[in-house]
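> pasting the sequence and the predicted coordinates here, then a few questions.
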Amino acid sequence: MLSRHLGAFFRNKRHVFKTFSAHIRNFLATGFSNRFSLRVATLLPLVILRSADCRQKDGQEVRRPGRKRTMSKVKYETSLEGRAQLYLNAMKTRWEQLHKMPGLFSYQLQKSPQSRKIPGNWGFYTELNAERSLKRRRPQTIENLNPTFKPSMFNFNKVDAREIIMTIDDANGSPEVQMIINKSPITKYHTLICPEVGKNHVQRITREVLQFCITFMRSIDDKDMRMGYNSPGALASVNHLHFHLLHMPQDLYIDQAPLDELVGGYVYRLSRRAPTEGICMVFNESDCDELVAEKVEQLYKLAMWMCQKNMPHNLFITQDRRPGQSGNVQVFVFARSEYCVNKDLADFNVGFCELAGYIPLPDPDKVENLTELQVLFRIRTVTGDAPKAVYEEITHIVEGREQSLWDLPLTI
């Protein structure tokens, strides 16, 4: 029986047979000098088989296991990874029901709005949304990137209970999150992701909300859903922590923008050939829990650094649409040198949508006549030189370099 099993094993693994034969020949050439040698001869085949098989595995590429493959089935089913698609499906159904409810939304989205892909090299997309500029809630003035929460101002504790699509409080390891309709939607399914509403977090990124958003995007099977964040001074309208979840099926400029590696093998900058600037951190489908947490921490550190520098910023989170990159998630960070205090509701503003290549406009003439040159000029005006400082800072963060004495502010 042993010979039959060994025969089958050797037929399937020729490299093991060659190694085994070589060791046996060397061993027999020296002879059996004592009983100890005989025992070694008995065990030798097993040792050789094991070592040869291990060498073969060492030569193979080791793929980092993802969380879905390592956690138990029960734990996975109660985690955000296991439930995100269910939440998304339920959210879509409920959003459509609420959108039909009279008086709940500020306006009804048109089923086929006027739209246009702007002629040029980069393919910016613009769409008419006239009622948003007329009927939306007046944007708040947020004084800086480290604001204080003001209960007297509008916040998400004050929304109508019917506006809350769902509360996610049954996903292990994730904060409680309310999904609330955006009463003045840009696109279908436009929803606000509001973590720990009762804690009154100001509109400044936390680790927990970053982890939630990135995990959610990595766990859903829908490339048309995108996420975005506007900081104070970068088109944020409410000083209460929230991200946006939107349906954007269009192929946007950012989806195919050329990238140059910056640091770490997963942080890129928009290529010098591209007309705009920003960084992109890639979360690979195969990333394990520890690597995901490390990348989230690096993004959080970058966000806190930009807040300390009073540098407005926008985030855009999307599943990777590039050929061969399916399953990956990209987080784009856009820094700005210009602090926007108030929105011009009658003109072309620059938030995460516009930076990604999706431009809602209030006027049909502007939809038809906006040029790529005008778009790029507006974006470059608000971003200025800020991205260059971000390239340097994210490099320091990923490489683990400490802040030097010369970087610290001089105090007397």
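Yes, it's here.

> worst mean pLDDT across the helices and strands of this structure, which element?
Counting by mean pLDDT, DSSP states H and E, the chain has its least confident helix or strand at helix 35-59, which shows a mean of 45.

> where does the stretch 251-400 of the chain dip in pLDDT?
The model of the stretch 251-400 of the chain has pLDDT under 70 over residues 342-347.

> how about the helices in it?
Ranges of helices in the stretch 251-400 of the chain, per DSSP state H, counting those that start in this stretch, are 289-308, 352-356, 364-369, 372-383, 386-399.

> the longest one to helix 386-399, inter-axis angle?
Per axes from the mean of the first three to the mean of the last three CA atoms, to 10 degrees, the angle that helix 289-308 makes with helix 386-399 is 140 degrees.

> Leu270 contacts Glu261, correct?
No - applying CB atoms under 8 Å as the test, Leu270 and Glu261 come out as separate, 11.8 Å apart. Where C-beta positions appear, they are placed from N, C-alpha and C, glycine not excepted.

> hmm, back to that, which one of the helices of the stretch 251-400 of the chain lies nearest to Gly324?
The stretch from the helices of the stretch 251-400 of the chain with the least distance to Gly324 (CB to CB) is helix 289-308; that distance is 20.2 Å.

> now for that closest one, which elements pack on it?
Applying 3 or more CB pairs under 8 Å, 6 or more residues apart in numbering; DSSP states H and E, we find helix 289-308 packed against helix 67-70, helix 207-219, strand 279-283, strand 329-335, helix 386-399.

> let me see the domain layout of this structure.
If you go by automatic domain parsing, the domain ranges for the chain are 2-59, 73-407.

> gap between the longest one and the chain center?
Domain 73-407 has its average C-alpha position 9 Å from the chain's average C-alpha position, going by CA atoms, centre = their mean, to the nearest Å.

> renumber starting at 271 from here on
Understood, numbering begins at 271; the last thing we discussed is domain 343-677.

> now do the strands in the stretch 371-520 of the chain.
Remark: strands assigned in the stretch 371-520 of the chain by DSSP state E, counting those that start in this stretch are 385-387, 395-398, 434-438, 447-451, 461-465, 495-500, 513-517.

> quick one: strands adjacent to the second one?
Within its sheet, strand 395-398 is paired with strand 385-387 (antiparallel), strand 628-631 (parallel), according to DSSP bridges.

> now that strand: mean pLDDT?
Averaged over strand 395-398, pLDDT sits at 97.

> now do the buried residues in it.
Under the neighbour-count criterion of 16 or more other CB atoms under 10 Å, strand 395-398 has 395-398 buried.
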